[in-house]
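Everything below, folded, please.
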Amino acid sequence: MQIKTNGTTLNCRLDGPSDGPVLVFSNSLATSMAMWDDQVSRLQDRYRILRYDNRGHGGSVATPGPYTLDLLARDVVGLLDGLEIDRVFFCGLSMGGMVGQWLGINAPERVSRLVLSNTASFFPNKEMWRDRIEMAERDGIPAIAIDPKGDLGNLLLTFPDLAPSDFRPWVDQAKAERDGITVDELAEREAAKWREGLASWGQDGKRIEALRKAVDLAIYTPGASHGRPLAVLGTLTAPAPELLEDEDAFRERVTATVSALLALAGEEADPLQSREHILLSHILEGAWSEGRDLDLEHLIRAVQAPGFDRVGVLDLESFYPEKESFELALQINNLLAAPGFQAWLEGEPLDMRSLLWTEDGKPRISILSIAHLSDPERMFLVTLVLNELLAWIRTRPGTARSHPRRSGSSRSTCSGRCRRCLCWCCCYCCSEPQGWMGRTPQRRVPRGKPGF
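Below you'll find the predicted structure:
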């Protein structure tokens, strides 16, 4: 549905009963309304759910910038007016949470309930964040930066000499033509701008030189070859022995890997109810428990011949008949055979040690650029990276307190998806049995209540 409002056209969608209370979901930066699909499937029986793409996002029109918070929030007011909706429950995540705060202050009569998630009252400018990254780099602190917008790669454009010849390969030839100058003249202008900008902060090329000497900079483009390719699925590598000894961490690793793989294949699978998820989890758990790596070719064969004959109390044929196992194998094989999927199998292995340090021990800043990926592909990649990082952290000295069995605590950090609200979280959870991997998040949607 397209609604014209506030000088633009917004793409929006309504789901749920027409007489239900209206719940608005507002997205984070660089996402579309599709980010709320899972939440809608759980809540649309009780709420009339309105989702929309911010201007410049998804299916909404990209008007000339700049975009201000006031502009984005007035878009929401105009959208409600266009749909003749007076008052709503509003849930905003990150940038959407900032929009929600504006509405609460400037249009409180339009909001009856306000949920603000993973947000702040203001975001510092990007120069400050880049400055923090550079400080960490100069101090020899390695980092992995996941870049959904595609602009962190600018960190590689750091030239100690600030010479025009350094900038020339990177300047926009079309811009030079529009400005009526040569490419060399534009490169000179850019170099002068950088020199003057650094000088205004009391800096010069020595700072850049120190940065270059302190760390190695690398930009990875998983699923593509225009940067350093990353073989995310070349091998489903068995976890380190330390992780195998940590039963909870090992099961989380298996669950997250299978969930990400099925999501990439177009399957949103519940780890506790999906037979496909349970079958693949058993296969991975069996191989990894023996210290064996798997690749997709061996996984496809294992689906047809798993190497075990029972799942729970049922024999394998009753649980997952041979005909269905062939269809699952075919589905994964189609994914493997797709021409565009080959890029996921090529490049350097997804290894935390090599992402954080070079072979000679120099700290590395690894930028994982995911701006070119679809939403399911981004979720797949981020899940695997965070899972690998968590597994690596748990093998480091001094991390025993993060595990409840070792610390004696009934609370532990979870890194996964809540089965009630389907939100990805890195939060403290209690030990009730209904939630993610046996733990229920402390904050959840109350059942049987009209509002939040």
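
confidence score at residue 450?
We have a pLDDT of 35 for residue 450.

From the recorded domain assignment, give the ranges for the protein.
Using automatic domain parsing, the domain ranges for the chain come out as 2-117, 409-452.

Among those domains, show me which one is buried the most.
domain 2-117 (a mean of 18; mean count of other CB atoms under 10 Å). C-beta coordinates here come from the backbone N, C-alpha and C atoms, glycine included.

Can you give me the end-to-end span of that one?
26 Å (CA to CA, to the nearest Å).

pLDDT on it, on average?
Rounded mean pLDDT across domain 2-117 is 93.

circling back to that earlier point, of all the domains of the chain, which one comes closest to residue 198?
Residue 198 lies closest, by CB to CB, to one member of the domains of the chain: domain 2-117, at 24.5 Å.

For the closest one, what is the distance to the chain centroid?
What separates the centre of domain 2-117 from the centre of its chain is 21 Å, taken as CA atoms, centre = their mean, to the nearest Å.

Can you list the low-confidence ranges for the stretch 201-350 of the chain?
234-235 (pLDDT under 70).

Tell me where it has helices.
With DSSP state H, counting those that start in this stretch as the criterion, the stretch 201-350 of the chain has helices at 205-214, 241-244, 247-264, 275-289, 296-304, 316-319, 322-337.

okay, the angle between the fourth one and helix 322-337?
Helix 275-289 and helix 322-337 meet at an angle of 70 degrees, taking axes from the mean of the first three to the mean of the last three CA atoms, to 10 degrees as the criterion.

Of the helices of the stretch 201-350 of the chain, which is nearest residue 78?
helix 247-264 (34.5 Å).

which other helices and strands contact that closest one?
helix 241-244, helix 275-289, helix 375-393, strand 412-417 (3 or more CB pairs under 8 Å, 6 or more residues apart in numbering; DSSP states H and E).

Name the residues of that helix that are buried.
For helix 247-264, a neighbour-count test (16 or more other CB atoms under 10 Å) marks 248-250, 252-264 as buried.

Pick the one among these closest to residue 180.
For these, with residue 180 as the reference and CB to CB as the criterion, the closest is residue 264, at 47.9 Å.

For the residue lying closest to the closest one once chain neighbours are set aside, give me its contacts.
Leaving out its chain neighbours, the residue that sits closest to residue 264 by CB to CB, 6 or more residues apart in numbering is residue 380, at 4.5 Å. Contacts for residue 380 (CB atoms under 8 Å, 6 or more residues apart in numbering) come out as 232, 260, 261, 263, 264.

Mind doing that once more with 6 Å?
Counting by CB atoms under 6 Å, 6 or more residues apart in numbering, residue 380 makes contact with 260, 263, 264.

Residue 175 versus that one, what's the distance?
Distance, residue 380 to residue 175, by CB to CB, to the nearest Å: 36 Å.

One more: residue 320?
58 Å.

Which of those two has more residues huddled nearby?
Using other CB atoms under 10 Å, the more surrounded residue of residue 320 and residue 175 is residue 320, with 19 against 12.

May I ask which helix or strand encompasses the closest residue to residue 47 other than its chain neighbours?
Take residue 47 and drop its neighbours on the chain: the residue closest to it by CB to CB, 6+ apart is residue 23, 4.2 Å away. Using DSSP states H and E, residue 23 maps to strand 22-26.

Tell me the helix or strand right after that strand.
Next along the chain after strand 22-26, taking DSSP H and E as the criterion, comes helix 37-43.

re earlier: wait, which of the buried residues of helix 247-264 is closest to residue 118?
Nearest to residue 118 out of these is residue 256 (CB to CB; 19.6 Å).

Surely that closest one is in contact with residue 387?
Yes - with contact defined as CB atoms under 6 Å, residue 256 reaches residue 387; the gap is 4.7 Å.

what about residue 301, how many neighbours?
By other CB under 10 Å, neighbour count at residue 301 equals 12.

residues in contact with the nearest residue to it once chain neighbours are set aside?
Nearest residue to residue 301, sequence neighbours excluded (CB to CB, 6+ apart): residue 329, at 7.8 Å. When the contact criterion is CB under 6 Å, 6+ apart, the partners of residue 329 are 300, 303, 304.

Would you mind giving these as JSON lines with neighbour count and distance to residue 192 added?
Output for these, formatted as JSON lines (neighbours: other CB atoms under 10 Å; distance: CB to CB, whole Å):
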{"residue": "300", "neighbour count": "18", "distance to residue 192": "57"}
{"residue": "303", "neighbour count": "23", "distance to residue 192": "61"}
{"residue": "304", "neighbour count": "12", "distance to residue 192": "65"}
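
just the residues you listed now: which is nearest residue 214?
Nearest to residue 214, judged by CB to CB, of those is residue 300 at 44.6 Å.

what are the phi and psi angles of residue 18?
The phi/psi pair for residue 18 (degrees, to the nearest 10) reads phi -70, psi -20.

Could you check how far residue 376 is from residue 387?
Per CB to CB, residue 376 is found 16 Å from residue 387.

Among the two, which residue is more densely surrounded?
More crowded of residue 376 and residue 387, by other CB under 10 Å: residue 387, with 23 against 15.

so how far is residue 380 from the more buried one?
Computed as CB to CB, the residue 387 to residue 380 distance reads 11 Å.

chain center to the strand or helix carrying residue 174: distance?
Per DSSP H and E: residue 174 is located in helix 173-179. Computed by CA atoms, centre = their mean, the chain-centroid distance of helix 173-179 equals 35 Å.
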